[in-house]
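Q: Sequence first, predicted model second:
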Amino acid sequence: MEPRIYIAPGPFRLETGHTLPELKIAYHTYGELNAAHDNVVWVCHALTANSDVADWWPHTIETGKFLDPARHFVVCANILGSHYGTTGPLHTNPQTGTPYYRDFPPFTIRDIVRAHILLADALGIGRIGALVGSSVGGFQAVEWAVTEPQRIGKLVLIATSAKASPWSIAIDETQRMAIEADRTFGEPRDDAGMAGLAAARAIGLLTYRGSLGYNLTQQDREELPAVHRASSYQQYQGEKLCRRYNAYSYYAILNAFDTHDAGRGRGGVAAALSRIAARTIVVGITTDIIFTPTEMRDLQGMIAGSVYHEIDSPFGHDGFLVEHEQLNDILRPFMNNE
């Protein structure tokens, strides 16, 4: 299903001081907006996902699931800088007539959220019944719930945080180093930096799954294989991303992720989170090494009236994508007021 495209009026000024002459936002919707306009569920996606939630989050946009399109009007907007329709590095800069590539201006999580707000206003969406974010989608959800506390009725935060940690920034920097090591990165073409992108993706996967996930799924089937199964998996995943993404978007979005700090200019994280008025559920994953269960409980402890649940999974951070049955059991009652 192709996304719809919204063209925002006028230039879009970024928090970094730069300006985009034009902002296009790609988005998908599922279900129908009810007469009372109180059934909106907005999903914020992460790094290389897109606005088609059904494409990247299995068994969620289905009847009887927590994003049931028969009950909810589900909206997801592609994030700023992405490869999937919203203005990003491969788009043409109307001021030069050529693609931005590495010259795409730096932006922040707050800029991504401001783009979401523009789209919500354009769609005539006032109240958002539930705002859902996992991983870096959760960065956006936290920021939005702090920025517009009265707009958000419920808040679902899955495997995420209120501020990018030194550990998560180090992961991102290591991936950027891999991309920068590719000598083609910076060249004015869509496929520049692809070897670096493949390496960056392989690095990222180590943190998404962790040792338990790899040791469970990538054991060699022969005593002395010509190529280790884990090695071929890393190569395959790197090549797979290169077939659908580009190094410039990946690099730019990693930079934006590192800007995430809900407390910046607001008296710190705790003060910022005290603004949240939404009923909130925080979901951690037992083996997540990016956003650990301890950190997720700390996040829940700073949001008044929130509750904490945990997914038990050997698949680390990726558990929110893999363990859809557990996630549905946790979130469906919350979403449906059961």
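A: All right, it came through fine.

Q: tell me the secondary structure for L155?
A: With DSSP: H, G, I helix; E, B strand; the rest coil as the basis, L155 sits in strand.

Q: Oh, that last question was meant for A252, not what I typed.
A: helix.

Q: R114 now?
A: helix.

Q: so who does it touch?
A: F12 (C-beta atoms under 8 Å, 6 or more residues apart in numbering). Every C-beta, even on glycine, is put in place using the N, C-alpha and C of the backbone.

Q: middle-most residue in the chain, spatially?
A: By C-alpha atoms, centre = their mean, the chain has its centre lying nearest to A46, at 1.5 Å.

Q: Just the local confidence number for that residue, please.
A: A46 is assigned 94 on the pLDDT scale.

Q: Number the chain from 16, please
A: Okay, using 16 as the starting number, the last item reads as A61.

Q: In three-state terms, label it for me.
A: Assigned with three-state DSSP, A61 falls in the coil class.

Q: Show the contacting residues for it.
A: Here A61 is in contact with 149-152 (C-beta under 8 Å, 6+ apart).

Q: Format the residues you listed as CSV; extra columns: distance to A130 and pLDDT.
A: CSV is the format used below for these (distance: C-beta to C-beta, whole Å; pLDDT from 0 to 100):
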residue, distance to A130, pLDDT
S149, 19, 97
S150, 18, 97
V151, 15, 97
G152, 14, 98
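
Q: Okay, and which of those residues map to strands?
A: For these, the ones inside strands are S149, with DSSP state E as the criterion.

Q: which among the contacts of A61 end up buried?
A: Neighbour-count burial (16 or more other C-beta atoms under 10 Å) applied to the contacts of A61 gives 149-152.

Q: those helices in this protein, which residues are they?
A: Taking DSSP state H as the criterion, the chain contains helices spanning 68-71, 124-137, 151-162, 181-195, 209-232, 244-259, 262-272, 284-288, 308-316, 334-337, 339-350.

Q: Using CSV, write out every CA atom in the third one.
A: Once side chains and other backbone atoms are set aside, the C-alpha atoms of helix 151-162 remain, and they are given as CSV (Å, rounded to 0.1, in the frame of the first residue of the first chain):
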residue,chain,number,x,y,z
VAL,A,151,13.3,5.3,18.7
GLY,A,152,9.5,5.6,18.0
GLY,A,153,9.3,5.8,21.8
PHE,A,154,11.7,8.8,21.7
GLN,A,155,9.2,10.6,19.6
ALA,A,156,6.2,9.5,21.7
VAL,A,157,7.9,10.7,24.9
GLU,A,158,8.8,14.1,23.3
TRP,A,159,5.2,14.5,21.9
ALA,A,160,3.6,13.6,25.2
VAL,A,161,5.7,16.2,27.0
THR,A,162,5.2,18.9,24.2
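
Q: residues making contact with that helix?
A: Contacts for helix 151-162 (C-beta under 8 Å, 6+ apart): 58-62, 64, 94, 124-125, 127-128, 131-132, 146-148, 166-167, 170-177, 179, 272, 275, 277, 281, 287-288, 290-293, 295.

Q: That helix vs helix 308-316, what angle?
A: 20 degrees (axes from the mean of the first three to the mean of the last three C-alpha atoms, to 10 degrees).

Q: what angle do helix 151-162 and helix 262-272 make?
A: When the same axes, to 10 degrees is applied, the directions of helix 151-162 and helix 262-272 differ by 40 degrees.

Q: that older thread, which single one of the buried ones among the contacts of A61 is nearest to P104?
A: Nearest to P104 out of these is V151 (C-beta to C-beta; 17.6 Å).
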